[in-house]
Structure formats: C-alpha cells, structure tokens
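1. Here is my input, please return the structure:
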Amino acid sequence: MTETTCLNERPTKTTAWQALCAFAFALAFALGACADMHGPLPAAIGPVADGPTRTSVAVVQRDWHTDICLRVHDVDAWVDALARGFDDATVLCFGFGERQFVVERRHDPLTMIGALIPSQATVLMTVLRAAPEVAFGPQNVVEVPVDDAGLASVQRYLRTSLETDADGAPRRLADGPYTGSVYFTASGTYDALHTCNTWTARALRSAGLVDVPDVLFAGSLMREVRHALETKAPDGAMHNAAAGQ
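-> From the prediction side, this is the model:
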C-alpha cells in the first residue's frame, strides 16, 4: 500500500515501489499549483455552530490510511441503515479509496500510476463491535468532540460522498476485505491530490474541526488533528488517545 492508494496494507519495501512512490508524489505536488482541491471530493459541510459537546467522532490511522468513525447510537437513520444486517455493531468507520486498487485488488504499477489521475472511487465501511481504541490501538486513534451541528454535518458529508440510486439508497459495490466491511460506490473520484486522507480531513472540518487542512499523508493528518484540538481546547487538553504521541 502507498499513500496514493490508501489501502490498509504495509508498503512494499522494494526499490521499484519506492521509485514509483517518489514519482507519484512529485507529480502530485507539481499538479498542485494548478489543480482545484475542491473538485473530485465533496466540499466540507460548514461552518457549523459552536455549541456544547454532544459526543465525539474518532479519526483512525491505519498504516497509510485514515478513517472517520461514528458511534452507532449517535448516527441518524440513513447512516444507521448502512449497517443493516450487522448484529451488535457499536461503531461505523468510513474510509475513501481508489476503486481498482482497493476493490479489484489490482496492485500492478500501471494501476498505481493510473491512480494519479481522476479514477473511480469507493467508500469502505468497517463495522466494529468494540471501541476504535481496542480495534486499532489507542496510539492510532484521536477522539474529536462534536456538537449537535457537527454531528449532523459530518453525516451529511458522508451522504454526499456516497453515490445513490433513484430511491436515494447508497450503491453497494461488494463485500469488504474482512468480515464486517462493505464497499460502497463513491460519488467523487480519486486522484493524486484527492486521497483517503484529504477525504478524512474534509469529514473532520464538517464535524467542526475547521483548522484541519487537506493533506495527503496519514501521519500529517493525525498531527494536524492533534494540533487543532490543542488550539481549540481552552486548557490545551487532548482527548482520549490524542496524548499518545
């Protein structure tokens, strides 16, 4: 897995893959000067009201990839319906990815290079029956407090990220890579400047963490989240696993 594909696997340690990654990001930054960062992905929903904390959403780092996670008891009926059939679900995690690489498991160099230009995308839902800290390790999870408006906005962002049919139902692509996961068709497209991590950043801005910018790298995003929480909290307190690094 590489940063440009956002698959939840460890990177291949070969000279060829390293050269391909270097090429990918050199091209991505070269394109950045003229690309519209608000094109393929939905724009963040906002601004949101700064009301009392209602609950929290979690941002999770999974190697080179990030997810946004919501507790089932917090979600609205539309989001809750996505997990219909999964008994005892407590948390729903969502992540964006390039469809050929993630769903079709095509990992050849041509597919990797093809991911640099706009291509079909997917949103993977992972159903958890335990807290994200248990599933992914506390060092990989940051809890982001949200008010009612932020909780509603992040769910609207999720809905706009999924392609729907004439009845407004999301289009299911396939079962995910492990038990309790499902691929849905994404409404946007994937490219070198619009990755899983820029998608997660916009979800977080929709939730009310407005200082988190679009970033390409999972580690950079987690640092931005922790910094934004430190800046936002009056006492500089970090929530949950945010103090882990």
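
2. what's the helix or strand for residue 121?
-> Per DSSP states H and E, residue 121 falls inside strand 119-128.

3. For that strand, which strands pair with it and how are they oriented?
-> Paired neighbours of strand 119-128 in the sheet (DSSP bridges): strand 91-98 (antiparallel), strand 181-190 (antiparallel).

4. Those strands: lowest mean pLDDT?
-> With a mean of 89, strand 181-190 has the lowest mean pLDDT of the strands paired with strand 119-128.

5. that older thread, mind giving me a markdown table with the strands paired with strand 119-128 and columns for mean neighbour count and distance to residue 226?
-> For every residue, glycine as well, the C-beta is placed using N, CA and C. Converted to a markdown table, the strands paired with strand 119-128 look like this (neighbours: other Cβ atoms under 10 Å; distance: least, Cβ to Cβ, whole Å):
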| stretch | mean neighbour count | distance to residue 226 |
| --- | --- | --- |
| strand 91-98 | 25 | 19 |
| strand 181-190 | 21 | 26 |
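
6. Ends of stretch 129-148, what's the gap?
-> 24 Å (Cα to Cα, to the nearest Å).

7. Could you list the buried residues of that stretch?
-> 131-133, 135-136, 140-147 (16 or more other Cβ atoms under 10 Å).

8. Now do it, average pLDDT.
-> Rounded mean pLDDT across stretch 129-148 is 95.

9. Helix or strand with the lowest mean pLDDT in this protein?
-> Within the chain, no helix or strand scores below helix 15-32, which has a mean of 42 by mean pLDDT, DSSP states H and E.

10. same for the helix or strand harbouring residue 149, what does it pack against?
-> Per DSSP H and E, residue 149 falls inside helix 148-161. Secondary-structure packing of helix 148-161 (3 or more Cβ pairs under 8 Å, 6 or more residues apart in numbering; DSSP states H and E): strand 55-62, strand 65-71, helix 77-82, strand 91-98, strand 181-190, helix 196-206.

11. and for it, what are the contacting residues?
-> Contacts to helix 148-161, defined as Cβ atoms under 8 Å, 6 or more residues apart in numbering, come from residues 41-42, 44-46, 48-49, 51, 54-55, 57, 68, 70, 74-76, 78-79, 94, 96, 123, 146, 186-188, 199, 202-204, 206-208.
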